[in-house]
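Participant: only geometry, no sequence info:
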């Protein structure tokens with residue numbers, strides 16, 4: 001029996017997996033990701049340490065701004081700075097080496113335990129009054145009304161690119177592409193208008209003739225004002241075009257990913273069948289190593305291609321289909337060689 005005839009049942013199963021995976025990634029996965037993101041935000045609100053991002057200021061607690069340079073999985077904060085603006089007469093700035101955050105026994109207030117630090121107090125009414133207090137252990141109580149867990153309704157939540165279907169993302173791509181084209185056209189018109197004003201326009205020449213009656217300083221000031229106005233407008237339109245292209249590229253990556261990943265079900269069959277025949281006399285370790293090698297190759301191509309596409313180094317379509325192209329080439333070569341034996 002020839003190789004292609006033996007591959008027919010497996011190709012049928014691979015095609016069924018392709019259809020199921022495509023349906024799942026475009027219909028089930030976006031809603032699942034949306035519910036997960038909504039639940040994580042709810043947990044973040046209920047778990048105070050989740051609201052503290054390392055190296056970023058957080059204002060989730062009313063009247064307090066918290067900065068933690070580093071956190072660990074146990075919930076310990078390192079290099080903590082707290083700006084306490086809850087008092088009307090005094091502002092406290094607290095620095096501590098480490099800190100831990102949790103609820104009190106009544107679950108109505110947040111309590112932060114700080115270790116080895118200083119408190120800098122400033123009187124808002126009397127600026128000359130300033131105190132520094134050193135401590136080994138200090139405790140701050142903060143309001144906890146924003147941190148009670150409540151399940152939010154995800155239907156009214158805005159969706160990101162991984163929480164949308166292909167048709168929704170395509171609408172954004174089309175809109176961003178049109179906006180980018182409009183911005184590019186505006187840049188071109190601004191350049192043409194500015195050049196015409198400088199070198200060829202009749203109205204511009206009359207304005208230039210009027211400037212001969214001005215002093216040199218006034219003429220230079222007027223020229224500088226026009227140049228500054230042109231630069232501001234052109235820079236704004238250029239930034240707008242760049243932002244729209246970034247948005248278009250980001251959503252195109254997700255669109256092609258939803259097509260490329262299901263198609264890999266068929267390509268892995270094309271590669272796996274001939275490779276299974278070649279290694280039929282080998283042991284399990286060899287087969288597992290080959291399978292792992294193809295998986296790593298595809299994973300690297302997918303993740304690396306996504307990063308390159310997001311940064312504009314590669315077109316989204318090529319970046320997301322790169323792993324499939326490699327699998328298709330390898331599968332075609334191996335299948336042809338095995339079938340010709």
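Facilitator: Structure received. Since this is a predicted model, take the numbers as computed values, not measurements.
Participant: Lowest mean pLDDT among the helices and strands of this structure, which one is it?
Facilitator: Least confident helix or strand of the chain, by mean pLDDT, DSSP states H and E, is helix 202-211 with a mean of 48.
Participant: all helices of this structure, in order?
Facilitator: Remark: helices assigned in the chain by DSSP state H are 3-23, 29-46, 166-199, 202-211, 216-278, 284-310, 316-339.
Participant: a markdown table please, covering those and showing mean neighbour count and distance to residue 63.
Facilitator: C-beta here means a position set from N, CA and C on the backbone, and glycine is covered the same way. Formatted as a markdown table, those follow (neighbours: other CB atoms under 10 Å; distance: least, CB to CB, whole Å):
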| stretch | mean neighbour count | distance to residue 63 |
| --- | --- | --- |
| helix 3-23 | 14 | 49 |
| helix 29-46 | 15 | 17 |
| helix 166-199 | 15 | 38 |
| helix 202-211 | 12 | 57 |
| helix 216-278 | 17 | 35 |
| helix 284-310 | 15 | 38 |
| helix 316-339 | 18 | 45 |
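Participant: and those, which one is worst for confidence?
Facilitator: Note on the helices of the chain: lowest mean pLDDT is at helix 202-211, with a mean of 48.
Participant: Counting neighbours, what do you get for residue 97?
Facilitator: By other CB atoms under 10 Å, the residues close to residue 97 number 12.
Participant: What distance do you get for it to residue 123?
Facilitator: Here the criterion is CB to CB, to the nearest Å. By it, residue 97 lies 26 Å from residue 123.
Participant: Go ahead and name everything in contact with stretch 332-341.
Facilitator: 2, 3, 4, 270, 271, 273, 274, 275, 277, 278 (CB atoms under 8 Å, 6 or more residues apart in numbering).
Participant: Leaving out the residues flanking it, which one is nearest to the third one?
Facilitator: Counting by CB to CB, 6 or more residues apart in numbering, residue 4 lies nearest to residue 339, which is 6.5 Å off, once chain neighbours are set aside.
Participant: Distance check, that neighbour against residue 143.
Facilitator: Residue 339 sits 72 Å away from residue 143, going by CB to CB.
Participant: Pass me the low-pLDDT residue ranges in the stretch 51-200 of the chain, would you?
Facilitator: Within the stretch 51-200 of the chain, the stretches with pLDDT under 70 are 51, 105-108, 144-158, 197-200.
Participant: doesn't residue 103 make contact with residue 141?
Facilitator: No: between residue 141 and residue 103 there is no contact under CB atoms under 8 Å: 10.5 Å.
Participant: quick one: which of these two has more around it?
Facilitator: Between residue 141 and residue 103, residue 103 has the larger neighbour count (other CB under 10 Å), namely 16 against 12.
Participant: My read is that the more buried one contacts residue 109, right?
Facilitator: Yes: contact criterion CB under 8 Å: residue 103 and residue 109 qualify, at 7.2 Å.
Participant: what's across from residue 143 in the sheet?
Facilitator: Beta-bridge pairing for residue 143 (DSSP bridges): residue 109.
Participant: could you measure it against residue 62, distance?
Facilitator: To residue 62, residue 143 is 6 Å away according to CB to CB.
Participant: same check, this time on residue 161
Facilitator: Distance from residue 161 to residue 62, counting by CB to CB: 32 Å.
Participant: Residue 187 is in contact with residue 241, correct?
Facilitator: Yes: applying CB under 8 Å, one finds residue 241 in contact with residue 187, separated by 7.0 Å.
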